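K.L.:
return a 3D structure for these sequence lines:
(chains A and B)
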Amino acid sequence: SQQGEEDPQALSIQEGENATMNCSYKTSINNLQWYRQNSGRGLVHLILIRSNEREKHSGRLRVTLDTSKKSSSLLITASRAADTASYFCATDGSGNTGKLIFGQGTTLQVKP
Amino acid sequence: GAVVSQHPSWVICKSGTSVKIECRSLDFQATTMFWYRQFPKQSLMLMATSNEGSKATYEQGVEKDKFLINHASLTLSTLTVTSAHPEDSSFYICSAVTGANEKLFFGSGTQLSVL
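P.N.:
From the prediction side, this is the model:
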């Protein structure tokens, strides 16, 4: 079953603005990952944060993880029209099997 | 980075026919691959875990006789949708893990339309 809940479901911003997406999960995890999906395409891995980490950066991406609240956020700074896509968080549970459970996703539209 | 190739990208078939989708890891060996299904504007739903040389493990509610999975080599897993019906129309995506069992690499997906 899907355990991740994301909000907002949809987000529309202007180019240059920051976009923040949130994800909540239910069980304990080894790590949490964020993926991006362009319409009708496969997923691209963005960033992985381990359960003992609180914050991670990758270029214009910043991910936070609060295991006490079972939540994570993805911040995209200085957004570009090319960032328009759906973003999903995914958790692995604690079995380290590689099996991921995905959140419902946030659809981001960045207007030029 | 690791590359996963999925083929075909899209397929249209008549109701009652069977469709095979291939997922290949091009530059690494994948002992485990995963098959997901995605309906429009929805998230990915895990269908099954494909293990090389053994039977696939299906998630609850997924019919194993309907969705046949074969993982005969370390670089290839196939999903066959048997006797497809319009309700099987969906976007199917495969993924493979590297040895660390952390980051997944995804195929580009297959859009199946059953008429």
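
K.L.:
strands along chain B, start to end?
P.N.:
With DSSP state E as the criterion, chain B has strands at B:4-7, B:10-13, B:19-25, B:32-38, B:44-51, B:57-58, B:67-73, B:76-81, B:90-97, B:104-106, B:110-114.

K.L.:
distance from the chain centre to the second one, please.
P.N.:
Between the mean C-alpha point of strand B:10-13 and the mean C-alpha point of its chain there is a distance of 15 Å (CA atoms, centre = their mean, to the nearest Å).

K.L.:
partner strands of that strand, with direction?
P.N.:
strand B:110-114 (parallel) (DSSP bridges).

K.L.:
repeat that for the fourth one.
P.N.:
For strand B:32-38, the paired strands and their directions (DSSP bridges) are strand B:44-51 (antiparallel), strand B:90-97 (antiparallel).

K.L.:
go through those and pick out the most buried.
P.N.:
Highest mean neighbour count among the strands paired with strand B:32-38 (mean count of other CB atoms under 10 Å in any protein chain shown): strand B:90-97, with a mean of 25. From N, CA and C alone the C-beta is placed, and that goes for glycine too.

K.L.:
who touches that one?
P.N.:
A:40, A:42-43, A:98, A:100, B:2, B:4, B:6, B:21, B:23, B:25, B:28, B:30, B:32-40, B:44, B:77, B:79, B:81, B:103-107, B:109-112 (CB atoms under 8 Å, 6 or more residues apart in numbering or on different chains).

K.L.:
residues contacting the host helix or strand of A:Cys23, please?
P.N.:
For A:Cys23, the host element (DSSP states H and E) is strand A:19-24. Strand A:19-24 is contacted by residues A:4-8, A:11, A:13, A:32, A:34, A:69-76, A:79, A:83, A:87, A:89, A:103, A:106, A:108, A:110 when judged by CB under 8 Å, 6+ apart.

K.L.:
hmm, 7 Å instead?
P.N.:
A:4-7, A:11, A:13, A:70-76, A:79, A:87, A:89, A:103, A:106, A:108 (CB atoms under 7 Å, 6 or more residues apart in numbering or on different chains).

K.L.:
of these, grab the buried ones for ChimeraX.
P.N.:
To isolate the buried members of the contacts of strand A:19-24 in ChimeraX, using 16 or more other CB atoms under 10 Å in any protein chain shown:
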select /A:4,6,11,13,70,71,72,73,74,76,79,87,89,103,106,108
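
K.L.:
can I assume B:Leu74 is in contact with B:Leu26?
P.N.:
No. Between B:Leu74 and B:Leu26 there is no contact under CB atoms under 7 Å: 11.9 Å.

K.L.:
neighbour count for those two, which is higher?
P.N.:
The neighbour comparison of B:Leu74 against B:Leu26 (other CB atoms under 10 Å in any protein chain shown) goes to B:Leu74, with 16 against 11.

K.L.:
mind listing what that one touches?
P.N.:
B:29-31, B:52.

K.L.:
repeat the analysis, applying 10 Å as the threshold.
P.N.:
Counting by CB atoms under 10 Å, 6 or more residues apart in numbering or on different chains, B:Leu74 touches B:25, B:28-33, B:52-53, B:96.

K.L.:
same check, this time on A:Gly105
P.N.:
Per CB under 10 Å, 6+ apart, neighbours of A:Gly105: A:4, A:6, A:9-10, A:21, A:23, A:35-37, A:85-89, B:38, B:41-44.

K.L.:
backbone dihedrals for it, please?
P.N.:
Phi and psi for A:Gly105, reported as degrees, to the nearest 10, are phi 90, psi 150.
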